[in-house]
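Enquirer: What would the 3D arrangement of this be:
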Amino acid sequence: MFNFEFYAPTRVIFGKGTEMKAGRLVKRFGGSRVLIHYGGKSAVKSGLIDRVKQSLDEEGIFHVELGGVVPNPHIGKVYEGVELARANQIDFILAVGGGSVIDSSKAIGYAMADPDKDVWELYAHERKASGCLPIGVILTIAAAGSEMSNSSVITDEKTGTKRDYSNNISRPKFAIMNPELTMTLPDYQTQSGCTDIMMHTMERYFTQGGNMELTDQIAEGLLRTVMKYAEILHTDPTNYDARAEIMWAGSLAHNGLTGCGNDGGDFASHMIEHELGGMFDVTHGAGLAAVWPSWARYVYKEDLPRFVRYAEQVMGVERKDGMSDEDVALAGIEAMEAFYHRIGMPVNMTELGISPTEEQMKQMAEGALKAVGGPLGSAKKLYEDDIINIYRMAK
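Expert: Prediction:
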């Protein structure tokens, strides 16, 4: 195992009706002038935004609101939020939504700390953030794990460039998690979220070194749990216990817990998918499902022991007489594809509904490498030709 630092400062308030504690929590963490940031009309139509405003009003907290955050959140909406926040002297941001809303809130928080600089420079990795407004979260989609993570992803909608930025100063002060708030999600969105949760764990699992048995056991248990309850939600979307299991798994998958002691993880699939998301605006979890099987088949020989363990411990592959390690690894990948299909997820780009040209695949490969400033991955180092080959395999 490698040395590691684990930092997870977010206070979690979990369970039914917990959104009504928002006002007290905002006040506890010093907020007096709040920007309520959210996504689509469902948060308003469901009455959630009104309940949040009531909670703030009961504590005498000033608030303004900004909705309209879309999946693969846009830098344009971030700029709009910054302008509104500055005009109203906002000192706290309350994100009501899923990963896109939380990521947009983090970007606004960064921008408020550096009023004379363009926040996109952070996502272009041209400088580091000097501060961030405090952020609280009322989670409505279990997927990204941004409610407990240090990361955010923003898209420049004018260029189709999707980039990430990570800094511990953006970790939310609190995360309110009421599984009931996720019950009205369409199944495709629920299952895309489950895929994203699994991928956050799998990205940390397929490494070339520094593995801890305890970390592996936590990761494998989390993955098996998500698979179990994803299938339950596919047919029983209002099952509270299943919603709760998935919601908590989403936070644990991306707060650093499942990466303790390893080399930081692979994350090549995420970088490859980010380019798809930026160019084609696909749903993130579904994009990951479409990319992962091809990535796995491309790299598994370089990280064979991990793929064998994954097949046996997570996918339940039983080694039969005459099966080699490669056979077991490939059976695990095939079992993963079968699981994706059972929950309605794609396993290639055709099923995802896109067909990039050779020129587009080259452009995306160049973008993925530029985003990280070098080769992708841990299981196998990937360069431009490798990434293009994975895109080709995924068609």
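
Enquirer: roughly how far is whatever helix or strand Ala296 lives in from the heart of the chain?
Expert: Per DSSP states H and E: Ala296 is located in helix 284-299. On the basis of C-alpha atoms, centre = their mean, to the nearest Å, helix 284-299 sits 15 Å off its chain's mean C-alpha point.

Enquirer: That one packs against which elements?
Expert: helix 187-205, helix 268-280, helix 325-342, helix 349-352, helix 384-393 (3 or more C-beta pairs under 8 Å, 6 or more residues apart in numbering; DSSP states H and E). Any C-beta I mention is one placed from the backbone N, CA and C, and that applies to glycine too.

Enquirer: next structured bit after that helix?
Expert: As assigned by DSSP H and E, the chain's next helix or strand after helix 284-299 is helix 304-313.

Enquirer: can you list the residues that contact that next one?
Expert: Helix 304-313 is touched from outside by 202, 205-207, 211, 216, 220, 296, 300, 317-319, 325-326, 328-329, 331-333, 335, 379, with contacts defined as C-beta atoms under 8 Å, 6 or more residues apart in numbering.

Enquirer: where's Val70 relative to Leu330, distance?
Expert: Distance, Val70 to Leu330, by C-beta to C-beta, to the nearest Å: 38 Å.

Enquirer: Which one of the two is surrounded by more residues?
Expert: Between Val70 and Leu330, counting by other C-beta atoms under 10 Å, Leu330 is the more crowded of the two (18 against 15).

Enquirer: Contacts only, for the more buried one.
Expert: Leu330 is in contact with Arg297, Tyr300, counting by C-beta under 8 Å, 6+ apart.

Enquirer: Against Arg306, how distant is it?
Expert: Using C-beta to C-beta, Leu330 is found at 14 Å from Arg306.

Enquirer: Any idea how far apart the tips of stretch 349-362 sit?
Expert: End-to-end distance for stretch 349-362: 16 Å, by C-alpha to C-alpha, to the nearest Å.

Enquirer: What residues of that stretch count as buried?
Expert: Using 16 or more other C-beta atoms under 10 Å as the test for burial, stretch 349-362 gives Met349, Leu352, Ile354, Pro356, Gln360, Met361, Lys362.

Enquirer: now stretch 182-199
Expert: 182, 185, 189-199.

Enquirer: How far off centre is it?
Expert: Relative to its chain's centre, stretch 182-199 lies at 11 Å (C-alpha atoms, centre = their mean).

Enquirer: what's the longest helix in the protein?
Expert: For the chain, the helix with the greatest residue count under DSSP state H is helix 213-235.

Enquirer: Next SSE downstream of it?
Expert: helix 240-253.

Enquirer: Pull that next one out as CSV, backbone CA atoms only.
Expert: Taking C-alpha atoms only, helix 240-253 is exported to CSV below (Å, rounded to 0.1, in the frame of the first residue of the first chain):
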residue,chain,number,x,y,z
TYR,A,240,-37.1,3.7,-0.2
ASP,A,241,-34.5,1.3,1.1
ALA,A,242,-33.0,0.8,-2.4
ARG,A,243,-33.0,4.6,-3.0
ALA,A,244,-31.2,5.0,0.4
GLU,A,245,-28.5,2.4,-0.4
ILE,A,246,-27.8,4.0,-3.8
MET,A,247,-27.7,7.5,-2.4
TRP,A,248,-25.2,6.7,0.4
ALA,A,249,-23.1,4.6,-2.0
GLY,A,250,-22.8,7.6,-4.4
SER,A,251,-21.2,9.7,-1.6
LEU,A,252,-18.8,7.0,-0.5
ALA,A,253,-17.8,6.2,-4.0
